[in-house]
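Chemist: What would the 3D arrangement of this be:
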Amino acid sequence: MLRFDIPPVNANVARFEAFVTFSFCLIALLGYPYLMPILAVMGFIRGFFGHYKCPSHRLFTKIMTAMNIAGKKENAGAKMFANKILFVAATIASILFYSGNDLWKVPATALAIFSTLEWLFSFCVACWAYGYWYKAFPPK
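Modeler: Predicted coordinates for the structure are as follows:
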């Protein structure tokens, strides 16, 4: 379902955000898992309130637009869905880590893999699943 009630996002900005997600996950997996709650907050803001409410997105957009590398505009609906998944996975990873369970590495690894596909190949797995989600559960 395309979202026309929120502003579209720039493709390269979304890809850079995926690179930031990958970087945070990699740093977490290398021994600093304290960064996972930051990803959860960013995913929550971008996923439930829109990209333009997120300070990091606004900063990245401003910098990349000034450099003329922001890319074409894309519908934000699928990207918001992807950020909701980021919120859930990062929250689960954070809860597992702070409860002393080593299984926090599973959602962190999944996020690292999927965000790599987005920033490196411009293939958003969650965006792909977004179309199937709305075919299975159409809004009423």
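
Chemist: Now name the helix or strand holding residue 78.
Modeler: Residue 78 is part of helix 76-98, with elements assigned from DSSP states H and E.

Chemist: Contact partners for the nearest residue to residue 64 once chain neighbours are set aside?
Modeler: By the measure of Cβ to Cβ, 6 or more residues apart in numbering, the closest residue to residue 64 outside its immediate chain neighbours is residue 70, 4.3 Å from it. Just so you know, the C-beta spots here come from the backbone N, C-alpha and C atoms, and that holds for glycine as well. Contacts for residue 70 (Cβ atoms under 8 Å, 6 or more residues apart in numbering) come out as 10, 11, 12, 13, 61, 64.

Chemist: and the two most separated of these?
Modeler: Between any two of the contacts of residue 70, the greatest separation by Cβ to Cβ is 11.4 Å, found for 11 and 61.

Chemist: between these two, who's got more neighbours?
Modeler: Counted by other Cβ atoms under 10 Å, residue 11 and residue 61 do not tie: residue 61 has more neighbours, with 21 against 15.

Chemist: Helices along this protein, start to end?
Modeler: Taking DSSP state H as the test, the helices found in the chain are 11-29, 36-48, 55-66, 76-98, 105-121, 125-136.

Chemist: Going by mean pLDDT, which of those comes out lowest?
Modeler: When the helices of the chain are compared on mean pLDDT, helix 125-136 scores lowest, with a mean of 84.
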